[in-house]
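J.: Kindly return the folded structure for what I paste below:
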Amino acid sequence: MHIFLDALWDAFKDTLIILPFLYLTYLLVSYFSHNDNEKYSKILHKTNKAGPVIGSFLGSIPQCGFSSVMSNLYSRKIVTLGTLIAVFISTSDEAIPLMISKPEFIPKLLILMAVKIVYGIIVGYIIDSLIHLFSKKNQVLHEYHDRHCPAGKEMTFEGGEILDDLNHENHCHGNECSAEEINNNDENHNHSHDHNHEHKCCHADEEEGGHNHTHSHCCATNIFLDALKHTLIILAYVFIATLFINLIRGYCGGLEPLKKIFTSNPYLQILLACVIGLIPNCASSVFLVEMFMEGVILFPALVGGLCAGAGVGLIVLYTCNYKKIGQNIFITFLVFSLAIILGIITNFLPIW
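T.: Now for the predicted structure:
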């Protein structure tokens, strides 16, 4: 009982110490991102070619709200797959506030963010380039133009959308044939069926495991309450993770059991960390950071695990993009594979 009480008290003290750092960090994040999802949507829509760059930097902002927003935008064909993956890769969820709260880990945090942002940008552009290279978009457009557009009229497609089929009514007008108007045909047929789902989907990124990321009504106009709410939730995760570690240290005389689970093999560590990172909750990133700061896992495993973790981004993707389950599974596998690759690459870099 004495060991348990000591572990409980130490966890409480360690959690209390980081409270002001977390609150100030989330207050800053709330100030810059409060109710700005529509603004980011417009920016990404207008700067489609720079999507992976913008997405990677947005994803690096603490919280997983941006990964949720991007999943929603991807399901609506506003952002590309490369941009979505860039956001998922660069998202570190709660790792940034936790590592900032302990100044000795700030150098590692800067390296972590730099590696993930650069990797997200590179991978994002590679994916978009491959899709553009192997897609039959041009062939589809030419076929549609030849069949439906009168001679002398041109057809333009905005947003990079690829038609699923050629069975659309003629929407050529003036000198242009708009893809948005073409696609609206199919949307109108399914409007009554999809309206409620789309409404739900637009707000699907608001929730993460029971707490709100785009601000409940009581916090909608108060960034101080919003920051406090998020801080308290993360503090609960930190307390549980710290208590768990302290109990193992107290009852086992150290962290050897945890180290045995994760093994000393860096590649197995990376694999296990990536599996944990896929858990769609803030707790996974908190647990990985705590394990790293306690010396249980190495830096490459932390990088890989946080690369695989996109908060509730994947849940929102499966919710919004519900008609394309196979595509969602492929994206999940792609993120997991890319996370392992980054962890392995980091293991060979002389930066940690």
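J.: Please, where are all the strands along this protein?
T.: 172-173, 176-177, 207-208, 211-212 (DSSP state E).
J.: which residues does the closest residue to residue 53 other than its chain neighbours contact?
T.: Nearest residue to residue 53, sequence neighbours excluded (CB to CB, 6 or more residues apart in numbering): residue 121, at 5.5 Å. All C-beta atoms are positioned from the backbone trio N, CA, C, and that covers glycine. By CB atoms under 8 Å, 6 or more residues apart in numbering, residue 121 lies in contact with 52, 53, 56, 86.
J.: what about 6 Å?
T.: Taking CB atoms under 6 Å, 6 or more residues apart in numbering, we find residue 121 in contact with 52, 53, 56.
J.: how many neighbours does residue 133 have?
T.: 7 (other CB atoms under 10 Å).
J.: cool, residue 301 as well?
T.: Counted with other CB under 10 Å, residue 301 comes out at 28.
J.: What score does the residue nearest to residue 67 when sequence neighbours are not counted have for pLDDT?
T.: Spatial nearest neighbour of residue 67, excluding adjacent residues (CB to CB, 6+ apart): residue 313 at 3.1 Å. Looking at residue 313, its pLDDT stands at 83.
J.: sorry, back to before: state the distance from the residue nearest to residue 53 to residue 274.
T.: 20 Å (CB to CB, to the nearest Å).
J.: same deal with residue 79?
T.: Residue 79 is 24 Å from residue 274, by CB to CB.
J.: which ones are touching residue 314?
T.: Contacts of residue 314 (CB under 6 Å, 6+ apart): 280, 332.
J.: Repeat the analysis, applying 10 Å as the threshold.
T.: 67, 68, 71, 88, 278, 279, 280, 308, 328, 331, 332, 335 (CB atoms under 10 Å, 6 or more residues apart in numbering).
J.: do residue 7 as well
T.: 242, 243, 244, 245, 246, 247, 248, 249, 250, 251.
J.: One more pass at 7 Å, please.
T.: By CB atoms under 7 Å, 6 or more residues apart in numbering, the residues touching residue 7 are 243, 246, 247, 250.
J.: nearest spatial neighbour of it, skipping sequence neighbours?
T.: Nearest-residue entry for residue 7: residue 246, 3.6 Å, with adjacent residues in sequence omitted and distances by CB to CB, 6+ apart.
J.: Look up how far residue 3 lies from the one you found.
T.: 9 Å.
J.: Tell me which of these two has more neighbours.
T.: Set side by side, residue 246 and residue 3 show more neighbours around residue 246, with 21 against 12, by other CB under 10 Å.
J.: quick check: mean pLDDT across stretch 339-352?
T.: Mean per-residue pLDDT for stretch 339-352: 91.
J.: just to revisit the earlier point, would you turn the contacts of residue 7 into JSON lines with distance to residue 349 and pLDDT?
T.: Converted to JSON lines, the contacts of residue 7 look like this (distance: CB to CB, whole Å; pLDDT from 0 to 100):
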{"residue": "243", "distance to residue 349": "34", "pLDDT": "88"}
{"residue": "246", "distance to residue 349": "32", "pLDDT": "84"}
{"residue": "247", "distance to residue 349": "35", "pLDDT": "87"}
{"residue": "250", "distance to residue 349": "36", "pLDDT": "83"}
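J.: Now tabulate those residues in TSV and tack on distance to residue 93.
T.: Conversion of those to TSV gives the following (distance: CB to CB, whole Å):
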residue	distance to residue 93
243	20
246	23
247	24
250	28
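J.: which non-adjacent residue is nearest residue 320?
T.: Residue 320's closest residue in space is residue 75 (CB to CB, 6+ apart), at 3.6 Å.
J.: so that neighbour makes contact with residue 322?
T.: No. With contacts counted by CB atoms under 7 Å, residue 75 stays clear of residue 322, the gap being 8.4 Å.
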